[in-house]
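J.: Need a 3D model of the sequence below.
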Amino acid sequence: GNVKSVMDAKEANMSSKQLKKLRLSWDRNEDSELQENVEEILEVLQPDTQQLWRLDVEEYKGVHFPGWMSSPSLKYLTLLNLLNCENCFQLPPLGKLPSLKILGIMKNNHVEYLYEESYNGEVVFGALEVLTIRHLPNFKRLSREDGKSMFPRISILEIDECPEFLGDEVLLKGLDSLSVFNCDKFNVSAGFQHLWKLWISNCRDVGDLHALKDMTSLKVLRLRNLPKLESFPNCFGNLPLLCELSIFFCSKLSCLPTSLSLINLQHLTIFGCHPDLEKRCEKETGEDWSKIAHVPYISVGSKHYSPD
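T.: Numbering: from 1, shown residues only. Below you'll find the predicted structure:
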(Lines give C-alpha, C1' and ligand atoms only; values in the text may rest on other atoms or scores of the structure.)
Protein backbone atom coordinates (compact mmCIF):
# COMPACT_ATOMS: atom_id res chain seq x y z
CA GLY A 1 0.00 0.00 0.00
CA ASN A 2 0.89 3.71 -0.16
CA VAL A 3 2.47 5.34 2.89
CA LYS A 4 2.37 9.15 2.87
CA SER A 5 3.41 10.02 6.43
CA VAL A 6 4.95 8.69 9.65
CA MET A 7 1.40 8.18 10.94
CA ASP A 8 0.59 6.01 7.89
CA ALA A 9 3.75 3.99 8.54
CA LYS A 10 2.76 3.41 12.16
CA GLU A 11 -0.75 2.37 11.14
CA ALA A 12 0.74 -0.18 8.73
CA ASN A 13 1.91 -1.99 11.89
CA MET A 14 4.67 -3.79 9.98
CA SER A 15 6.22 -5.32 13.09
CA SER A 16 3.16 -7.52 13.51
CA LYS A 17 3.27 -8.85 9.94
CA GLN A 18 5.22 -12.07 9.48
CA LEU A 19 6.48 -11.46 5.97
CA LYS A 20 8.86 -13.60 3.97
CA LYS A 21 9.46 -10.98 1.25
CA LEU A 22 9.26 -7.19 1.48
CA ARG A 23 9.74 -4.49 -1.18
CA LEU A 24 9.87 -0.87 -0.08
CA SER A 25 9.83 1.62 -2.94
CA TRP A 26 9.57 5.40 -3.12
CA ASP A 27 8.07 7.34 -6.01
CA ARG A 28 10.50 9.80 -7.56
CA ASN A 29 7.90 12.59 -7.30
CA GLU A 30 6.69 12.11 -3.73
CA ASP A 31 5.25 15.10 -1.85
CA SER A 32 7.46 17.17 0.46
CA GLU A 33 6.20 15.69 3.76
CA LEU A 34 7.28 12.22 2.72
CA GLN A 35 10.66 13.49 1.54
CA GLU A 36 11.30 15.27 4.85
CA ASN A 37 10.35 12.30 7.02
CA VAL A 38 11.66 9.51 4.83
CA GLU A 39 14.22 8.24 7.38
CA GLU A 40 11.69 8.10 10.19
CA ILE A 41 9.19 6.39 7.90
CA LEU A 42 11.67 3.64 6.99
CA GLU A 43 12.53 3.21 10.67
CA VAL A 44 8.85 2.71 11.51
CA LEU A 45 8.37 0.28 8.62
CA GLN A 46 10.53 -2.31 10.39
CA PRO A 47 8.96 -5.72 9.70
CA ASP A 48 8.88 -8.77 11.91
CA THR A 49 12.36 -10.23 11.42
CA GLN A 50 11.67 -13.87 12.19
CA GLN A 51 10.68 -15.03 8.69
CA LEU A 52 11.94 -12.32 6.32
CA TRP A 53 14.32 -13.82 3.76
CA ARG A 54 14.19 -11.18 0.99
CA LEU A 55 14.26 -7.38 1.21
CA ASP A 56 14.29 -4.85 -1.65
CA VAL A 57 14.67 -1.12 -0.98
CA GLU A 58 14.27 1.13 -4.03
CA GLU A 59 14.52 4.91 -4.56
CA TYR A 60 15.00 5.60 -0.84
CA LYS A 61 15.91 9.29 -0.45
CA GLY A 62 17.21 9.31 3.13
CA VAL A 63 20.85 9.97 4.06
CA HIS A 64 21.03 7.12 6.59
CA PHE A 65 19.56 3.64 6.72
CA PRO A 66 17.74 2.54 9.90
CA GLY A 67 19.46 0.25 12.38
CA TRP A 68 17.03 -2.61 11.86
CA MET A 69 18.31 -3.18 8.30
CA SER A 70 21.67 -4.39 9.64
CA SER A 71 20.50 -6.07 12.83
CA PRO A 72 21.60 -9.68 13.40
CA SER A 73 17.95 -10.31 14.35
CA LEU A 74 17.39 -10.54 10.57
CA LYS A 75 18.74 -14.04 10.97
CA TYR A 76 17.03 -15.51 7.90
CA LEU A 77 17.61 -12.63 5.48
CA THR A 78 19.19 -14.30 2.46
CA LEU A 79 18.72 -11.77 -0.37
CA LEU A 80 19.02 -7.97 -0.18
CA ASN A 81 18.85 -5.41 -2.99
CA LEU A 82 19.45 -1.66 -2.52
CA LEU A 83 18.52 0.19 -5.72
CA ASN A 84 19.00 3.89 -6.39
CA CYS A 85 19.34 5.00 -2.75
CA GLU A 86 21.23 7.98 -4.12
CA ASN A 87 21.45 10.24 -1.05
CA CYS A 88 23.11 7.66 1.22
CA PHE A 89 26.79 8.32 1.84
CA GLN A 90 27.30 4.94 3.48
CA LEU A 91 25.67 1.57 3.23
CA PRO A 92 24.23 0.02 6.37
CA PRO A 93 26.76 -2.22 8.19
CA LEU A 94 25.57 -5.47 6.64
CA GLY A 95 28.60 -7.59 7.49
CA LYS A 96 27.03 -9.24 10.54
CA LEU A 97 23.85 -10.48 8.84
CA PRO A 98 24.27 -14.23 9.45
CA SER A 99 22.41 -15.65 6.43
CA LEU A 100 22.93 -13.03 3.70
CA LYS A 101 23.95 -14.95 0.57
CA ILE A 102 22.99 -12.61 -2.29
CA LEU A 103 23.55 -8.85 -2.24
CA GLY A 104 22.92 -6.26 -4.95
CA ILE A 105 23.86 -2.58 -4.71
CA MET A 106 22.84 -0.42 -7.68
CA LYS A 107 22.99 3.31 -8.44
CA ASN A 108 24.65 5.35 -5.71
CA ASN A 109 27.01 8.28 -6.30
CA HIS A 110 28.65 8.36 -2.85
CA VAL A 111 29.46 4.88 -1.58
CA GLU A 112 33.17 3.95 -1.74
CA TYR A 113 33.24 0.71 0.28
CA LEU A 114 30.80 -2.10 0.94
CA TYR A 115 32.29 -2.52 4.44
CA GLU A 116 33.38 0.78 6.00
CA GLU A 117 34.03 -0.34 9.57
CA SER A 118 37.41 -1.03 11.15
CA TYR A 119 38.28 -4.72 11.02
CA ASN A 120 38.53 -6.41 14.42
CA GLY A 121 39.18 -10.01 13.41
CA GLU A 122 35.55 -11.18 13.36
CA VAL A 123 33.98 -12.91 10.39
CA VAL A 124 32.47 -10.33 8.01
CA PHE A 125 29.85 -11.25 5.40
CA GLY A 126 30.33 -14.86 6.46
CA ALA A 127 27.50 -16.26 4.30
CA LEU A 128 27.75 -13.98 1.24
CA GLU A 129 28.20 -15.90 -2.03
CA VAL A 130 26.92 -13.61 -4.82
CA LEU A 131 27.63 -9.87 -5.00
CA THR A 132 26.48 -7.48 -7.73
CA ILE A 133 27.56 -3.83 -7.75
CA ARG A 134 26.34 -1.58 -10.57
CA HIS A 135 26.53 2.13 -11.32
CA LEU A 136 28.61 3.20 -8.30
CA PRO A 137 30.98 5.81 -9.79
CA ASN A 138 33.04 6.23 -6.58
CA PHE A 139 33.16 2.61 -5.44
CA LYS A 140 36.77 1.54 -4.79
CA ARG A 141 36.94 -1.69 -2.81
CA LEU A 142 34.76 -4.20 -1.01
CA SER A 143 36.33 -3.31 2.32
CA ARG A 144 38.21 -0.25 3.55
CA GLU A 145 40.60 -2.56 5.46
CA ASP A 146 41.86 -6.05 4.59
CA GLY A 147 41.21 -8.98 6.89
CA LYS A 148 41.52 -12.76 6.85
CA SER A 149 37.91 -13.53 7.79
CA MET A 150 36.23 -11.21 5.32
CA PHE A 151 33.89 -12.55 2.64
CA PRO A 152 35.08 -16.16 3.17
CA ARG A 153 32.42 -17.68 0.87
CA ILE A 154 32.12 -15.11 -1.90
CA SER A 155 32.23 -16.93 -5.23
CA ILE A 156 30.47 -14.73 -7.82
CA LEU A 157 31.22 -11.02 -8.27
CA GLU A 158 29.80 -8.69 -10.93
CA ILE A 159 31.05 -5.12 -11.19
CA ASP A 160 29.36 -2.77 -13.69
CA GLU A 161 30.08 0.93 -14.23
CA CYS A 162 32.37 1.36 -11.23
CA PRO A 163 35.29 3.27 -12.81
CA GLU A 164 37.20 3.63 -9.51
CA PHE A 165 37.09 -0.09 -8.64
CA LEU A 166 40.64 -1.38 -8.09
CA GLY A 167 40.11 -5.15 -7.96
CA ASP A 168 43.28 -5.56 -5.90
CA GLU A 169 41.93 -7.22 -2.77
CA VAL A 170 43.31 -10.54 -1.54
CA LEU A 171 39.81 -11.59 -0.53
CA LEU A 172 38.82 -11.77 -4.21
CA LYS A 173 41.27 -14.59 -4.89
CA GLY A 174 38.71 -17.25 -3.94
CA LEU A 175 36.20 -16.19 -6.60
CA ASP A 176 34.73 -18.73 -9.03
CA SER A 177 33.27 -16.13 -11.39
CA LEU A 178 34.30 -12.52 -12.05
CA SER A 179 32.48 -10.18 -14.45
CA VAL A 180 33.69 -6.61 -14.96
CA PHE A 181 31.68 -4.35 -17.27
CA ASN A 182 32.05 -0.69 -18.24
CA CYS A 183 34.99 0.14 -15.99
CA ASP A 184 37.48 2.58 -17.48
CA LYS A 185 40.57 0.81 -16.19
CA PHE A 186 40.72 -2.67 -14.72
CA ASN A 187 43.90 -4.67 -14.30
CA VAL A 188 43.32 -8.29 -13.39
CA SER A 189 45.79 -9.03 -10.62
CA ALA A 190 47.63 -12.30 -10.10
CA GLY A 191 46.42 -15.16 -7.93
CA PHE A 192 42.95 -16.04 -9.21
CA GLN A 193 43.60 -19.78 -9.04
CA HIS A 194 39.97 -20.79 -8.38
CA LEU A 195 38.38 -18.67 -11.10
CA TRP A 196 36.48 -20.70 -13.70
CA LYS A 197 34.74 -17.81 -15.49
CA LEU A 198 36.15 -14.40 -16.40
CA TRP A 199 34.15 -11.87 -18.40
CA ILE A 200 35.54 -8.39 -19.12
CA SER A 201 33.54 -6.00 -21.28
CA ASN A 202 33.82 -2.33 -22.28
CA CYS A 203 36.96 -1.55 -20.31
CA ARG A 204 39.27 0.96 -21.94
CA ASP A 205 42.45 -0.36 -20.33
CA VAL A 206 42.94 -3.92 -19.02
CA GLY A 207 46.73 -4.03 -19.00
CA ASP A 208 48.55 -7.02 -20.51
CA LEU A 209 46.32 -9.78 -19.02
CA HIS A 210 49.48 -11.52 -17.81
CA ALA A 211 47.57 -12.64 -14.71
CA LEU A 212 45.83 -15.22 -16.90
CA LYS A 213 48.80 -17.50 -16.30
CA ASP A 214 47.61 -18.14 -12.72
CA MET A 215 44.03 -19.01 -13.69
CA THR A 216 44.59 -22.73 -13.97
CA SER A 217 40.91 -23.50 -13.26
CA LEU A 218 39.56 -21.18 -15.97
CA LYS A 219 36.89 -22.71 -18.23
CA VAL A 220 35.22 -19.65 -19.79
CA LEU A 221 36.97 -16.46 -20.95
CA ARG A 222 34.90 -13.71 -22.59
CA LEU A 223 36.45 -10.43 -23.70
CA ARG A 224 34.43 -7.67 -25.34
CA ASN A 225 35.24 -4.17 -26.52
CA LEU A 226 38.74 -3.80 -25.07
CA PRO A 227 40.15 -1.09 -27.37
CA LYS A 228 43.73 -1.15 -26.03
CA LEU A 229 44.24 -4.93 -26.08
CA GLU A 230 46.84 -5.62 -28.77
CA SER A 231 48.00 -9.12 -27.88
CA PHE A 232 47.60 -12.00 -25.45
CA PRO A 233 50.34 -13.26 -23.14
CA ASN A 234 51.64 -16.59 -24.36
CA CYS A 235 50.34 -18.47 -21.32
CA PHE A 236 47.32 -20.38 -22.61
CA GLY A 237 49.24 -23.59 -22.08
CA ASN A 238 48.65 -22.94 -18.33
CA LEU A 239 44.87 -23.12 -18.89
CA PRO A 240 44.20 -26.82 -19.48
CA LEU A 241 40.48 -26.58 -18.62
CA LEU A 242 39.61 -23.64 -20.89
CA CYS A 243 36.76 -24.76 -23.14
CA GLU A 244 35.21 -21.46 -24.29
CA LEU A 245 37.03 -18.38 -25.60
CA SER A 246 35.02 -15.44 -26.97
CA ILE A 247 36.62 -12.25 -28.27
CA PHE A 248 34.38 -9.43 -29.53
CA PHE A 249 35.30 -5.95 -30.77
CA CYS A 250 38.93 -5.90 -29.64
CA SER A 251 39.92 -3.72 -32.56
CA LYS A 252 43.72 -3.80 -32.03
CA LEU A 253 44.02 -7.55 -31.49
CA SER A 254 45.64 -8.87 -34.66
CA CYS A 255 46.94 -12.37 -33.82
CA LEU A 256 46.49 -15.32 -31.45
CA PRO A 257 49.16 -16.73 -29.11
CA THR A 258 51.01 -19.90 -30.08
CA SER A 259 50.06 -21.57 -26.80
CA LEU A 260 46.39 -21.59 -27.85
CA SER A 261 47.10 -24.83 -29.70
CA LEU A 262 47.88 -26.64 -26.44
CA ILE A 263 44.54 -26.30 -24.71
CA ASN A 264 41.29 -28.21 -24.68
CA LEU A 265 39.19 -25.54 -26.40
CA GLN A 266 35.72 -26.56 -27.59
CA HIS A 267 34.28 -23.18 -28.65
CA LEU A 268 36.15 -20.22 -30.15
CA THR A 269 34.37 -17.02 -31.25
CA ILE A 270 36.09 -14.00 -32.81
CA PHE A 271 34.06 -11.05 -34.06
CA GLY A 272 34.70 -7.39 -34.79
CA CYS A 273 38.44 -7.53 -34.09
CA HIS A 274 41.35 -6.36 -36.27
CA PRO A 275 40.85 -7.40 -39.93
CA ASP A 276 44.22 -9.14 -39.87
CA LEU A 277 43.04 -11.45 -37.10
CA GLU A 278 40.05 -12.68 -39.06
CA LYS A 279 42.29 -13.19 -42.08
CA ARG A 280 44.85 -15.14 -40.02
CA CYS A 281 42.07 -17.44 -38.77
CA GLU A 282 40.70 -18.39 -42.19
CA LYS A 283 40.28 -22.13 -42.57
CA GLU A 284 43.32 -23.95 -44.02
CA THR A 285 44.96 -20.76 -45.40
CA GLY A 286 45.25 -18.43 -42.41
CA GLU A 287 48.56 -18.08 -40.54
CA ASP A 288 46.87 -18.85 -37.20
CA TRP A 289 44.68 -21.70 -38.47
CA SER A 290 47.13 -24.33 -37.21
CA LYS A 291 46.70 -22.94 -33.67
CA ILE A 292 42.93 -23.41 -33.73
CA ALA A 293 42.29 -26.25 -36.19
CA HIS A 294 41.75 -28.66 -33.27
CA VAL A 295 38.80 -26.61 -31.91
CA PRO A 296 35.47 -28.32 -32.77
CA TYR A 297 33.33 -25.18 -32.96
CA ILE A 298 34.82 -22.02 -34.45
CA SER A 299 33.12 -18.76 -35.39
CA VAL A 300 35.25 -16.05 -37.02
CA GLY A 301 33.39 -13.01 -38.30
CA SER A 302 30.51 -14.28 -40.42
CA LYS A 303 32.07 -17.74 -40.94
CA HIS A 304 31.29 -20.76 -38.80
CA TYR A 305 33.20 -24.04 -38.69
CA SER A 306 32.04 -27.19 -36.91
CA PRO A 307 32.60 -30.95 -37.17
CA ASP A 308 31.02 -32.52 -40.24
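J.: Let me see the contact set for residue 164.
T.: The contact partners of residue 164, taken as C-beta atoms under 8 Å, 6 or more residues apart in numbering, are 112, 137-140. Quick note: C-beta positions are derived from backbone N, CA and C, even for glycine.
J.: Separate out the buried members of these.
T.: Listed as buried from those are 112, 139-140; burial here means 16 or more other C-beta atoms under 10 Å.
J.: re the thing from before, now the contacts of residue 164 as JSON lines including secondary structure, distance to residue 120 and pLDDT?
T.: Formatted as JSON lines, these follow (DSSP: H, G, I helix; E, B strand; the rest coil; distance: C-beta to C-beta, whole Å; pLDDT from 0 to 100):
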{"residue": "112", "secondary structure": "coil", "distance to residue 120": "20", "pLDDT": "94"}
{"residue": "137", "secondary structure": "coil", "distance to residue 120": "30", "pLDDT": "95"}
{"residue": "138", "secondary structure": "coil", "distance to residue 120": "25", "pLDDT": "95"}
{"residue": "139", "secondary structure": "coil", "distance to residue 120": "23", "pLDDT": "94"}
{"residue": "140", "secondary structure": "coil", "distance to residue 120": "21", "pLDDT": "92"}
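J.: Return the member of the residues you listed nearest to residue 279.
T.: residue 137 (39.8 Å; C-beta to C-beta).
J.: Quick one: residues contacting the closest one.
T.: Counted by C-beta under 8 Å, 6+ apart, residue 137 has contacts 109, 161-164.
J.: Roughly how far does it sit from residue 179?
T.: Using C-beta to C-beta, to the nearest Å, residue 137 is found at 18 Å from residue 179.
J.: picking that back up, scan the contacts of residue 137 and report the most crowded one.
T.: residue 162 (24 neighbours; other C-beta atoms under 10 Å).
J.: and the closest residue to residue 107 other than its chain neighbours, how many neighbours?
T.: Leaving aside its chain neighbours, residue 107 sits nearest to residue 84 (4.1 Å; criterion: C-beta to C-beta, 6 or more residues apart in numbering). Neighbour count of residue 84, defined by other C-beta under 10 Å: 17.
J.: Look up how far residue 42 lies from residue 84.
T.: 14 Å.
J.: residues in contact with the closest residue to residue 154 other than its chain neighbours?
T.: Nearest residue to residue 154 in three dimensions, chain neighbours excluded: residue 128, at 5.5 Å (C-beta to C-beta, 6+ apart). Shown in contact with residue 128 (C-beta under 8 Å, 6+ apart): 100-103, 151, 153-154.
J.: can you put these in CSV and add neighbour count?
T.: Below are the contacts of residue 128 laid out as CSV (neighbours: other C-beta atoms under 10 Å):
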residue, neighbour count
100, 22
101, 18
102, 16
103, 22
151, 26
153, 13
154, 21
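J.: Distance from the chain centre to stretch 140-159, please.
T.: 11 Å (C-alpha atoms, centre = their mean, to the nearest Å).
J.: same thing with stretch 173-186?
T.: 7 Å.
J.: How many neighbouring residues does the closest residue in space to residue 234 that isn't next to it in sequence have?
T.: In space, and not counting its chain neighbours, residue 234 is closest to residue 257: 4.5 Å by C-beta to C-beta, 6+ apart. Residue 257 is flanked by 17 other residues according to other C-beta under 10 Å.
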